[in-house]
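predicted coordinates and the sequence they were generated for:
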Amino acid sequence: RMNKPKIVRPEESQPAHALWFDRKKYVTINFMVHRPKEVQVDIQPDKMILCCKNDTDDVIYNELHFYDKVQIHDSRERVYDRTINVLLRKVKPDYSWPYLQKDLAKPSWISVDFDNWRDWEHEEDEGKEEYDRYMDMIKEMSASKGQAPDMGDLSDVSADSSGSLGGYF
């Protein structure tokens, strides 16, 4: 993982639309890309870069500087048929991110995923269950990291989205 090639910003590219939501232990970002290929993701403690192509060979490039630090070894990406799902483990759990990026000038391609957004700061008992689910996701992602993504099924994009992504396509 240390010797990942550096992702160079392409001459011509467009950003993918990104939907994100905040949880106690992690932040989830779904980049909307139709049938992504040649996917490269570089997650650093304070920023991430995504580069890929879509089904019509448009070059997609997103670079974002996180609102706060993330733990790179506990952060993962998964490629699906219409999204690239990125799970970022917060360095400071139980600390909400009011924004995804450090820079308050929000780019037009970032939106809050309101279907999955919850005001968790005032919820007490939810943390344990959420942490267990997070650990399950990490295990599952680690296990499937070496295999080709299953393109047929979007239903498991996140443990509690209950198909809410469907409205975005």
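Here it is on my side, so go on. Numbering: from 1, shown residues only.

so which residues of the protein form strands?
17-22, 26-32, 37-43, 47-53, 59-65, 70-79, 83-90, 110-112 (DSSP state E).

center of this protein - which residue?
Nearest to the mean C-alpha position of the chain, by C-alpha atoms, centre = their mean, lies residue 86 at 2.2 Å.

thinking it is in contact with residue 33, fair?
No. The criterion here is C-beta atoms under 8 Å, and residue 86 misses it with residue 33 at 11.8 Å. C-betas here are computed from N, CA, C, even on glycine.

dump the strands of the chain into a markdown table; add mean pLDDT as well.
Below are those laid out as a markdown table (pLDDT from 0 to 100):
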| stretch | mean pLDDT |
| --- | --- |
| strand 17-22 | 96 |
| strand 26-32 | 97 |
| strand 37-43 | 96 |
| strand 47-53 | 97 |
| strand 59-65 | 97 |
| strand 70-79 | 95 |
| strand 83-90 | 97 |
| strand 110-112 | 94 |
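
want to throw these into TSV with distance to residue 104?
Output for the strands of the chain, formatted as TSV (distance: least, C-beta to C-beta, whole Å):
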stretch	distance to residue 104
strand 17-22	15
strand 26-32	17
strand 37-43	22
strand 47-53	16
strand 59-65	11
strand 70-79	19
strand 83-90	19
strand 110-112	12
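
of those strands, which approaches residue 9 most closely?
With C-beta to C-beta as the criterion, residue 9 lies closest to strand 59-65 of those, at 5.9 Å.

quick one: the closest one to strand 26-32, angle?
Interaxial angle of strand 59-65 relative to strand 26-32 (axes from the mean of the first three to the mean of the last three C-alpha atoms, to 10 degrees): 160 degrees.

gap between strand 59-65 and the chain center?
Chain-centre distance of strand 59-65: 12 Å, with C-alpha atoms, centre = their mean, to the nearest Å.

so which elements touch it?
strand 47-53 (3 or more C-beta pairs under 8 Å, 6 or more residues apart in numbering; DSSP states H and E).

so what secondary structure elements neighbour the strand it packs on?
Against strand 47-53 (3+ C-beta pairs under 8 Å, 6+ apart) you get strand 37-43, strand 59-65, strand 83-90.
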